[in-house]
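A.B. asks: No letters, just coordinates:
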């Protein structure tokens, strides 16, 4: 059992909740309509406020949207979460029920969140606090436009000690960058697991822009199906692969086979770029649970899902790369037969990326 909770501030970063021992399960990225994100102080805060500046709250605003992360919180952790949000001191109230919605798939959820009591608006947050929010938004793959908005938020320039920030930094084994500046510029895991189901099944395709990739396991993603899709503005000539590309969509009882790769955190940006995250073509999914073929171990992975997909037949070149990757990594025979049956669009021209990858793979 658990309760659905929309977080929009520092709690979007998984490690923030872990500092207080709160267990959470990622559900989806979601939006709360007709509210806006604001930064405020509470008149009753002590002078040594936890974050050394304003903190995030939400305020009703017709036509605006707050993006956040929908989590499932265990019932035993709800009291701890209330205490973290200072409900007992009257600084925040629990707001419930509210309705939020995800985009892919489009679905509404009833959940709770927190809202500041008697806020003094338009105060500035500390650089540490706003950077934790930005790191959480990036970690969970919030829309690129919203991340750009978060990047414009002004901070108060606080340069002193901040124990809560330091604990979060320890939790994710991160470090300060920027010549000793008090605010961190990036939060880095040393490495991450990535579930590939499309062209990145083929080692040589992935290695072109992500040299740290190491094979971990063949794995399956349950209750999803493999699709081939494009975007509404794609044409045969404009698309990189001259047709549709792989996507995953929720589908009860189905499964998608793929490969789990381990990559250094330094490759995350290039992987996002390859998948067009900055162009809002794909969104990055965090904590996607897949099952290892070898030992049935559950693994939490990063993967990607297309935004606003439309069905589009793939080119024979794209299919061949997927098939080659599946064979290279010994994906189960039944799934190989399924891949062999996928129809293509018959494109017979040149596909530059295909020629490069197949040359590297000596195929």
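C.D. replies: Yep, it's here. Predicted model only: the values in this text are computed from it and were never measured. Numbering: from 1, shown residues only.

A.B. asks: Show me the helices in this protein, by range?
C.D. replies: For the chain, the helices defined by DSSP state H occupy 14-18, 78-84, 127-140, 144-151, 163-171, 203-207, 268-274, 316-328, 333-340, 352-360.

A.B. asks: Out of those helices, indicate the one that is most buried.
C.D. replies: Sort the helices of the chain by mean neighbour count, taking mean count of other C-beta atoms under 10 Å, and helix 127-140 sits at the top with a mean of 24. From N, CA and C alone the C-beta is placed, and that goes for glycine too.

A.B. asks: ranges for the strands of the stretch 201-350 of the chain?
C.D. replies: Counting by DSSP state E, counting those that start in this stretch, the stretch 201-350 of the chain has strands at residues 214-230, 245-264, 282-292, 298-306, 310-311.

A.B. asks: rank the helices of the chain by pLDDT, which is bottom?
C.D. replies: Lowest mean pLDDT within the helices of the chain: helix 163-171, at a mean of 75.

A.B. asks: and the angle for that one with helix 127-140?
C.D. replies: For helix 163-171 against helix 127-140, the angle by axes from the mean of the first three to the mean of the last three C-alpha atoms, to 10 degrees is 40 degrees.

A.B. asks: who does helix 163-171 touch, helix- and strand-wise?
C.D. replies: Packing partners of helix 163-171 (3 or more C-beta pairs under 8 Å, 6 or more residues apart in numbering; DSSP states H and E): helix 14-18, helix 127-140.

A.B. asks: The last one packs against which elements?
C.D. replies: When you say that, I think you mean helix 127-140. Contact here means 3+ C-beta pairs under 8 Å, 6+ apart; on that basis helix 127-140 packs against helix 14-18, strand 55-74, helix 144-151, helix 163-171.

A.B. asks: can we see that at 10 Å?
C.D. replies: Using 3 or more C-beta pairs under 10 Å, 6 or more residues apart in numbering; DSSP states H and E, the elements in contact with helix 127-140 are strand 2-7, helix 14-18, strand 24-41, strand 55-74, helix 144-151, helix 163-171, helix 268-274, strand 282-292.

A.B. asks: mind checking which of these is nearest residue 317?
C.D. replies: helix 268-274 (16.7 Å; C-beta to C-beta).

A.B. asks: Can you tell me what sits against that closest one?
C.D. replies: With contact meaning C-beta atoms under 10 Å, 6 or more residues apart in numbering, helix 268-274 is reached by 138-139, 141, 144, 186, 188-189, 191-192, 194, 196, 199-200, 205-206, 208-213, 240, 261, 263, 267, 277-279, 282-284, 302, 304.

A.B. asks: Please state the offset of it from the chain centre?
C.D. replies: How far helix 268-274 lies from its chain's middle: 12 Å, per C-alpha atoms, centre = their mean, to the nearest Å.

A.B. asks: Rebuild the helices and strands packed on helix 127-140 as a markdown table, extending it with distance to residue 336.
C.D. replies: As requested, those are exported to a markdown table (distance: least, C-beta to C-beta, whole Å):
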| stretch | distance to residue 336 |
| --- | --- |
| strand 2-7 | 38 |
| helix 14-18 | 35 |
| strand 24-41 | 31 |
| strand 55-74 | 35 |
| helix 144-151 | 35 |
| helix 163-171 | 41 |
| helix 268-274 | 25 |
| strand 282-292 | 18 |
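
A.B. asks: that older thread, mind giving me TSV with the helices of the chain and columns for distance to residue 218?
C.D. replies: Output for these, formatted as TSV (distance: least, C-beta to C-beta, whole Å):
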stretch	distance to residue 218
helix 14-18	26
helix 78-84	37
helix 127-140	26
helix 144-151	31
helix 163-171	31
helix 203-207	13
helix 268-274	19
helix 316-328	9
helix 333-340	10
helix 352-360	20
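
A.B. asks: in the chain, which helix or strand is least confident?
C.D. replies: Every helix and strand of the chain was ranked by mean pLDDT, DSSP states H and E. The lowest is helix 163-171, at a mean of 75.

A.B. asks: just how off-centre is that helix within its chain?
C.D. replies: The answer for helix 163-171 is 21 Å, by C-alpha atoms, centre = their mean.

A.B. asks: Kindly report the same for stretch 264-277.
C.D. replies: The answer for stretch 264-277 is 12 Å, by C-alpha atoms, centre = their mean.

A.B. asks: What's the end-to-end length of it?
C.D. replies: Distance between the two ends of stretch 264-277: 18 Å, counting by C-alpha to C-alpha, to the nearest Å.

A.B. asks: Tell me the span between the first and last residue of stretch 111-131.
C.D. replies: 26 Å.

A.B. asks: Same question for stretch 288-301.
C.D. replies: Start-to-end, stretch 288-301 (C-alpha to C-alpha) is 5 Å.

A.B. asks: quick one: buried residues of that stretch?
C.D. replies: For stretch 288-301, burial by neighbour count (16 or more other C-beta atoms under 10 Å) applies to 288, 290, 293, 301.

A.B. asks: which residues touch it?
C.D. replies: Residues outside stretch 288-301 that contact it (C-beta under 10 Å, 6+ apart) are 14, 25-26, 192-197, 216-222, 224, 248, 255-262, 285-287, 302-305, 329-332.

A.B. asks: Taking those, please make a PyMOL selection of just the buried ones.
C.D. replies: Selection of buried members from the contacts of stretch 288-301 for PyMOL, criterion 16+ other C-beta under 10 Å:
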select buried, resi 14+26+192+193+194+195+196+197+216+217+218+219+220+221+224+248+255+256+257+258+259+260+261+285+286+302+303+304+305+329+331
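
A.B. asks: No more questions from me, cheers.
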